[in-house]
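Enquirer: 3D model of this:
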Amino acid sequence: MSCQFADEIIKLHGNLSYRGLPDAIEGEPVFRFDGPDDGLTTIGVRQSQLPMRYLRAVMGFRLAKFLEIGFMDPELVRRRALFYEPLAHVAGPETIHTVTLTSTGRIGGYMALVGTPDPVPLSFDDPTRTRFPAEVAHRVDLLRGFAGPGLNTHQVYEIKRLVRDPAATSGQQRERVPWHLILALGMAARAVGVSHVLGDAREAGALRHLRAIGFTPLVINDTRPSLPRTELMWPSYTMPEPAKPFVGEIPAELDTSLDIIRTALEQRTGTEWQRGLIRQLVAARTGARRDRELVSAGAGLGAGTGY
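Expert: You can find the predicted model right below:
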């Protein structure tokens, strides 16, 4: 579906750059990583840390990119005369916005971590808790089965609007943007005390990267997701092979995975850098799994012999 207003929004945001964004952040960012050899800088900030002009710019990038890939309704955008996605004001944990900027100030990638709107932390199985957007769209409860002592909904974030802009990146830079974002995801999770992440994604997208850094997400198959036609993102659930809802606990080996990714991104680019990174991540995950199995076997042996 084409719409001249939407096309103009895409064109407008495609010509903008934000060199001043890093210096405009109020206070210390949640996370920052400057790639020494790829021309990319990735910054994660709480929503309140972005001055309104930059917050609107980031939300405008989101609007333009998801219009461009066909995941948003252009007619709704036109009727509402939107230049950026509406800002959600929630009483719960602040949204964490992550942007990857090129050396020219273009946004090469983006990701949001969105918390519950509930102002008070609730247990995962509390029937009064507000469902996360992915749970609403897929009509599932992703958290109930993970309920336990010491866990509450303010420790859970949904991964939203994960996107790379191919127009802003090229060559190996294009390969590196997702790794910048996944590094930011892990570092932000550590910084704000995340216990679980959830969302919906395709197997070849975010789920692949989450598994690479040690997540073992519970994925719900065969749901029938949908949104009302009054929601901007309703077209995203009409695509062939819609995204699958998932939830995953922050893995114990996350820090090791993040160190591997950071080291790989700090090294000079080369034709084999990504394959080498993946091999190291697989080896680390295999080793961690083997260690857990040995510990489990040792515990079982101890229980059976009186140790």
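Enquirer: now do the helices in the protein.
Expert: Applying DSSP state H to the chain gives helices spanning 4-14, 21-24, 52-68, 74-79, 133-138, 172-192, 206-212, 254-266, 273-305.
Enquirer: what about residue 68, distance to residue 225?
Expert: From residue 68 across to residue 225, the span is 21 Å (Cβ to Cβ, to the nearest Å). (Each C-beta comes from the backbone N, C-alpha and C, glycine too.)
Enquirer: which secondary element of this structure has the worst mean pLDDT?
Expert: Here the helix or strand of the chain ranked lowest by mean pLDDT, DSSP states H and E is helix 273-305, holding a mean of 64.
Enquirer: in JSON lines, list the helices of the chain along with distance to residue 94 and mean neighbour count.
Expert: Shown next, in JSON lines, are the helices of the chain (distance: least, Cβ to Cβ, whole Å; neighbours: other Cβ atoms under 10 Å):
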{"stretch": "helix 4-14", "distance to residue 94": "24", "mean neighbour count": "15"}
{"stretch": "helix 21-24", "distance to residue 94": "17", "mean neighbour count": "14"}
{"stretch": "helix 52-68", "distance to residue 94": "12", "mean neighbour count": "20"}
{"stretch": "helix 74-79", "distance to residue 94": "26", "mean neighbour count": "16"}
{"stretch": "helix 133-138", "distance to residue 94": "16", "mean neighbour count": "20"}
{"stretch": "helix 172-192", "distance to residue 94": "9", "mean neighbour count": "21"}
{"stretch": "helix 206-212", "distance to residue 94": "21", "mean neighbour count": "19"}
{"stretch": "helix 254-266", "distance to residue 94": "22", "mean neighbour count": "18"}
{"stretch": "helix 273-305", "distance to residue 94": "30", "mean neighbour count": "13"}
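Enquirer: mind checking which of these is nearest residue 220?
Expert: Proximity to residue 220, assessed across the helices of the chain by Cβ to Cβ, is greatest for helix 133-138 (6.8 Å).
Enquirer: what does the closest one contact?
Expert: Under the criterion Cβ atoms under 8 Å, 6 or more residues apart in numbering, residues 114, 141-143, 158, 160, 198-200, 220, 223-227, 237, 245 lie in contact with helix 133-138.
Enquirer: which of the residues you listed count as buried?
Expert: Among the contacts of helix 133-138, those classed as buried by 16 or more other Cβ atoms under 10 Å are 114, 141-143, 158, 160, 198-200, 220, 223, 225, 227, 237, 245.
Enquirer: then stretch 138-154 to PDB, C-alphas only?
Expert: What follows is stretch 138-154, C-alpha atoms only, in PDB (Å, rounded to 0.1, in the frame of the first residue of the first chain):
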ATOM      1  CA  HIS A 138      -0.400 -13.200  20.400                       C
ATOM      2  CA  ARG A 139      -3.000 -13.700  23.200                       C
ATOM      3  CA  VAL A 140      -0.500 -15.600  25.400                       C
ATOM      4  CA  ASP A 141       0.900 -15.300  28.900                       C
ATOM      5  CA  LEU A 142       4.600 -15.500  28.600                       C
ATOM      6  CA  LEU A 143       5.600 -15.000  32.200                       C
ATOM      7  CA  ARG A 144       3.300 -17.200  34.400                       C
ATOM      8  CA  GLY A 145       5.500 -20.300  33.900                       C
ATOM      9  CA  PHE A 146       8.600 -18.400  35.100                       C
ATOM     10  CA  ALA A 147       7.100 -17.100  38.400                       C
ATOM     11  CA  GLY A 148       9.300 -17.500  41.400                       C
ATOM     12  CA  PRO A 149      10.600 -15.900  44.600                       C
ATOM     13  CA  GLY A 150      12.500 -12.600  44.100                       C
ATOM     14  CA  LEU A 151      11.100 -12.100  40.600                       C
ATOM     15  CA  ASN A 152       8.800  -9.200  39.600                       C
ATOM     16  CA  THR A 153       7.500  -7.600  36.500                       C
ATOM     17  CA  HIS A 154       9.800  -4.500  36.800                       C
END
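Enquirer: good, wrapping up.
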